[in-house]
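> coords please:
(4 chains)
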Protein chains: 2
Amino acid sequence: MTISTQAPRRTRIQQEKRELILEAALEVFSTNGFRGSTIDQIAEAAGMSKPNLLYYFRRKEDIHETLMERLLETWLAPLRELDDIGDPMTELRSYIRRKLEMARDFPRESRLFANEILQGAPRIMPLLAGELKTLVDEKAAVIKGWMRAGKIARTDPWHLIFSIWATTQHYADFDVQVRAVLGPNRGGDGRFEDAARFLEQLFLDGLKPKG
Amino acid sequence: MTISTQAPRRTRIQQEKRELILEAALEVFSTNGFRGSTIDQIAEAAGMSKPNLLYYFRRKEDIHETLMERLLETWLAPLRELDDIGDPMTELRSYIRRKLEMARDFPRESRLFANEILQGAPRIMPLLAGELKTLVDEKAAVIKGWMRAGKIARTDPWHLIFSIWATTQHYADFDVQVRAVLGPNRGGDGRFEDAARFLEQLFLDGLKPKG
DNA sequence: CTAACGTTTGTCCAATCGGTCAAAATTTGC
DNA sequence: GCAAATTTTGACCGATTGGACAAACGTTAG
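Numbers count the residues shown, from 1 in each chain, chains lettered A, B, ... in the order given. Below you'll find the predicted structure:
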């Protein structure tokens, strides 16, 4: 369990402004990284002066920290839902779908996370080696059970999870590249449905031609 | 073809020092991004004073630009090698292997590229929509030919290429997370071989249990 | 040896950085 | 309506940023 941070009493304005700042900071941090972002940028994006922003968050790091705490919760939710009970192939398929939907609907969150990891995860390393590892190990065990039961092919469950993360988050983190390569036609709104179809087939059957 | 930049005459010292700077800059840029990196950091990593560094590269951007130009060449080399002539399944398998080897041997280059894309590719957008798109379209056509010939399963060649990029580069860009989740045992030097085995199976057969 | 050229350094600069502070403006509780 | 509490702002601070520059130092060719 994490340290129980008793949420301080907050006025209506404080709640609203803090949300405004976090929204603006998500935009700025996710595209420039922590070091590459400035308080002025965030303040301007939030439509307020720098000292005013600093009235709600004392330090730049506090904003980032709050953002990361919230992120990890929603970020791991899809994996948490992976259920031992359901049909294995269906469970995996809908996990992939949920992750892809997150890449589509919350690309900034994905990029914020990617930025943090790219920079060596200096601020969330303990969470990776702790909470995240625990959850992944747990789900890897579930997947292993499915393999032993002959429900899915035997392979490495950890790398399977990595490959799902990588392929889905790619559409958020590398979105600019994806759209540039697909061009205006194929790179439009339909690209996520194309991706969903492709990934489903890849994880189901691989590339071997149907014999 | 790109603009022919006639390489200026350079002394022995200039060549050596420029390489030294680029090596140091790769280290710094790849972990901090462009905006998050400072000339001082690079100068210190290169073991020289800031004014001395600026004698070899007039502006911070010049270093990054030189780095990115070199990067793209080596970065696309594996895809260029994808050969129409060879056996399709073998060709794809060795493409995946080459990409994974690059993630293992040149993780800083991978992260440098990822950083640039994450930030919206402000400095290499033209290359993505130009040279990169052309190459990918060309190879997608090759893959489509294999599909028509029944050599591999019918699917979207562009998203297939994306999935190979995503799964392999993940082991460079998200290395910190991979090692944190795998732990000290499974996360050691063997992780790339495990990944290679897993990816081969995934792209070959998918997850459906062998009937 | 020496003059020309290439290299390195210390010093300096304006702009920007994260952050402080007191005063002014606004909102809130009664 | 008014006093207390909260919110906002302008001015300011020291540190760091990217970069300029001239002087000092090395190297090299004749």
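> ok, A:Val136 - how many residues close by?
Using other Cβ atoms under 10 Å in any protein chain shown, A:Val136 has 23 neighbouring residues. Where you see a C-beta, it was placed from the backbone N, CA and C, and this is true even at glycine.
> do the one 4 residues further on as well
A:Ala140 is flanked by 17 other residues according to other Cβ under 10 Å.
> Which residue, other than its chain neighbours, is closest to it?
The shortest distance from A:Ala140 to any non-neighbouring residue, by Cβ to Cβ, 6 or more residues apart in numbering or on different chains, is to A:Pro157 (3.9 Å).
> A:Ala129 now?
B:Ala180 (4.5 Å).
> quick revisit: if I pick the residue nearest to A:Ala140, what's in contact with it?
A:Lys139, A:Ala140, A:Ala141, A:Ile143, A:Lys144, A:Met147 (Cβ atoms under 8 Å, 6 or more residues apart in numbering or on different chains).
> Which helix or strand lies directly C-terminal to the strand or helix carrying the second one?
Going back to what we said before, that points to A:Ala140. Assessed by DSSP states H and E, A:Ala140 sits inside helix A:133-148. Sequence-wise, the next helix or strand downstream of helix A:133-148 (DSSP H and E) is helix A:157-173.
> That next one vs helix B:157-173, what angle?
Interaxial angle, helix A:157-173 versus helix B:157-173 (axes from the mean of the first three to the mean of the last three Cα atoms, to 10 degrees): 110 degrees.
> Alongside DNA strand C, which residues does chain A contribute?
Residues of chain A found near DNA strand C (Cβ under 7 Å from any atom of the strand) are A:11-13, A:37-41, A:50-51, A:54, A:58-61.
> Closest to chain B out of those residues?
Comparing the residues of chain A next to DNA strand C against chain B with Cβ to the nearest Cβ places A:Ser37 closest, at 7.9 Å.
> need the contact list for the closest residue to the closest one other than its chain neighbours.
Leaving out its chain neighbours, the residue that sits closest to A:Ser37 by Cβ to Cβ, 6+ apart is A:Val28, at 4.7 Å. Going by Cβ under 8 Å, 6+ apart, A:Val28 touches A:Ser37, A:Gln41, A:Ile42, A:Ala45.
> Farthest-apart pair in these, please.
Greatest spatial distance among those (Cβ to Cβ): A:Ser37 and A:Ala45, at 9.9 Å.
> can you list residues touching both of those two?
Shared contacts of A:Ser37 and A:Ala45, defined by Cβ under 8 Å, 6+ apart, comprise A:Ala25, A:Val28.
> which parts of the longest helix out of those in chain A are buried?
Using DSSP state H to define each element, chain A has its longest helix at helix A:12-36. Of all the residues in helix A:12-36, those buried under the rule 16 or more other Cβ atoms under 10 Å in any protein chain shown are A:17-18, A:20-22, A:24-36.
> helices or strands up against whichever helix or strand A:Met102 is part of?
Here A:Met102 sits within helix A:88-105, counting by DSSP H and E. Judged by 3 or more Cβ pairs under 8 Å, 6 or more residues apart in numbering or on different chains; DSSP states H and E, helix A:88-105 is in contact with helix A:60-81, helix A:107-118, helix A:157-173, helix A:191-205.
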